[in-house]
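> Sequence and computational prediction follow.
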Amino acid sequence: MSKMVKKIDHIGVAVENLNEAMKLYSESLGLEIEGTEEVKEQKVKVAFIPVGESRIELIESIDPNGIIAKFIERRGEGIHHIALEVDHIEDALKKLKERGVQLIDEKPRIGAHKMKIAFLHPKSTKGVLLELCEKQE
Ligand code: ZN
């Protein structure tokens, strides 16, 4: 079987206040913030923080009815998803579907950093929301 997943691209963390969270990661943990970005389509503001070959993605909702706001309302702040980098996201989605994995996104959409992203349903991934992402040059 050819290798579908390259690495953990990032871990998404839902936070109430992005500035406060960035302060924690930069001042207390000594990490460098790569930059912030608003992803209007998903109603979030994100900050990426490189950690070795992976990153932490801090996510704040910019809409009280957005997915991240609802998540924090239900579960509090914390890990929201794990993102796996793949070479060909369409192929990966097709294979996963054939293998019986339930998809949230049948087709990739554009996320932060203009990456193609798609989510798998936590019901079929042991309660973990997995995101697939493919970098576009
Ligand atoms: Zn993500």
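Done, it's in. Quantities reported herein were computed from a predicted structural model and do not represent experimental measurements.

> Surely I110 is in contact with E41?
Yes: with contact defined as Cβ atoms under 8 Å, I110 reaches E41; the gap is 7.3 Å. The C-beta positions use only the backbone N, C-alpha and C, and glycine is treated the same way.

> which of the two has more neighbours?
Shown here are I110 and E41; by other Cβ atoms under 10 Å, I110 has more neighbours (13 against 9).

> what bridges to the more buried one?
K116 (DSSP bridges).

> Next, find the distance separating it from Q42.
For I110, the distance to Q42 equals 10 Å [Cβ to Cβ, to the nearest Å].

> Name the nearest residue to I79, sequence neighbours excluded.
Using Cβ to Cβ, 6 or more residues apart in numbering and skipping residues adjacent in sequence, the residue nearest I79 is V13, 5.8 Å away.

> what about that neighbour, which helix or strand?
For V13, the host element (DSSP states H and E) is strand 5-14.

> do that strand and the ion meet?
Yes: judged by Cβ under 5 Å from the ion, strand 5-14 and the ion are in contact via G12.

> Show me what that strand is packed against.
The contact analysis (3 or more Cβ pairs under 8 Å, 6 or more residues apart in numbering; DSSP states H and E) places strand 5-14 against strand 54-61, helix 67-75, strand 78-86, strand 130-134.
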